[in-house]
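# Provided below are the primary sequence and the corresponding predicted coordinates.
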Amino acid sequence: MTEQQEQQEQQKPPRKIQQRTIDGRGRIINAAARKFIEDGYRGASLSDIILDAESNKRFFYNQFSEGKRDVARAIMANTLTMDGLLPQRLKVQEIYDIGMILAYRVANEDALLAALKLSFEFGSNEEYGTPWGDWVTFNVGQLTDAKNQGELRSHVVPEEQARQLPGFWSGLVLTSIVIDGGLHEVETHISRAYQNLMAVIAVPEVLPFIDFSADRGERLYVSFLESQA
């Protein structure tokens with residue numbers, strides 16, 4: 001987008017300008033996510049992000065006044081959501097479901113994969129934050145409810161297990177990239193890992209009633225997106 005094009009856009013009706021601003025901001029976030037995946041936070045250049053987003057410096061700094069750090073913060077703040085998760089009779093089903101929704105998304109959304117990779121860079125928490133603590137907090141609530149409902153074995157400590165869930169999930173994503181050369185099998189890997197986990201932490205009575213379909217995350221998330229259209 002040239003400065004002349006930006007001036008022309010500013011003369012259009014407010015609603016169109018607002019939508020174009022939202023779209024332009026989204027292009028920058030997506031472009032930054034791709035560059036962060038390829039080159040890391042420190043390796044990604046601002047000029048490459050702007051070029052890939054088909055934007056310009058003026059628009060970029062109007063949206064992200066602190067430059068690359070602000071874009072990384074936006075990625076961290078807006079990607080790890082619980083969108084698509086529906087209430088289930090069993091809390092252990094919900095625990096599985098969110099893991100599979102995120103597995104589907106990380107294989108299909110650059111921003112979520114970028115958030116994961118950025119989290120493992122040295123000094124990331126101080127530089128632009130990390131969303132994984134929010135998942136731990138969410139897990140504590142889910143696991144506590146599951147235990148109170150008699151779905152978990154007596155030895156399970158929700159606060160401990162809550163940290164382990166994103167740990168093994170993120171580890172499987174990263175090893176899938178290295179071993180498989182991509183994320184085309186990540187949903188299968190994560191589904192099997194959850195099945196193994198549930199066999200250890202859930203009481204035997206609930207296991208036959210958990211839907212361990214590898215495509216469950218996709219179905220739930222696509223249904224959510226369709227409901228928002």
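Now that the structure is in, tell me what you want to look at.
# so which elements touch the top helix by length along the chain?
Assignment by DSSP state H gives helix 14-43 as the longest helix of the chain. Judged by 3 or more Cβ pairs under 8 Å, 6 or more residues apart in numbering; DSSP states H and E, helix 14-43 is in contact with helix 3-10, helix 46-52, helix 57-63, helix 68-79, helix 110-119. Using the backbone N, CA and C atoms, a C-beta is placed for each residue, glycine as well.
# what residues sit buried inside that helix?
Of the residues in helix 14-43, 20, 24-25, 27-37, 41 count as buried by neighbour count, 16 or more other Cβ atoms under 10 Å.
# which among those gets closest to Glu226?
Nearest to Glu226 among the buried residues of helix 14-43 is Asn30, at 21.1 Å by Cβ to Cβ.
# quick check: Arg179 vs Val200, distance?
Quick fix: residue 179 reads Ile, not Arg. Distance of Ile179 to Val200, computed by Cβ to Cβ, to the nearest Å: 24 Å.
# my error: substitute Glu38 in the last question.
Going from Glu38 to Val200 by Cβ to Cβ gives 37 Å.
# and this structure, what are its domain boundaries?
Segmentation of the chain into domains, based on automatic domain parsing, reads 3-78, 80-228.
# now do the shortest one, average pLDDT.
Across domain 3-78, the average pLDDT comes to 87.
# check the offset of it from the chain's centre.
Offset of domain 3-78 from its chain centre (Cα atoms, centre = their mean, to the nearest Å): 19 Å.
# count of residues packed around Ile49?
Counted with other Cβ atoms under 10 Å, the neighbours of Ile49 add up to 25.
# I figured it was touching Lys35, is that so?
Yes: Ile49 is in contact with Lys35 according to Cβ atoms under 8 Å; the separation is 5.4 Å.
# can you give me the end-to-end span of stretch 100-116?
Using Cα to Cα, to the nearest Å, one end of stretch 100-116 lies 15 Å from the other.
# spit out the contact partners of Pro87.
Glu94 (Cβ atoms under 8 Å, 6 or more residues apart in numbering).
# so it sits in a strand?
No: using DSSP: H, G, I helix; E, B strand; the rest coil, the assignment for Pro87 is coil, not a strand.
# quick check: mean pLDDT across the helix or strand where Gly99 lies?
Assigned by DSSP states H and E, Gly99 belongs to helix 91-108. Helix 91-108 shows an average pLDDT of 98 in the prediction.
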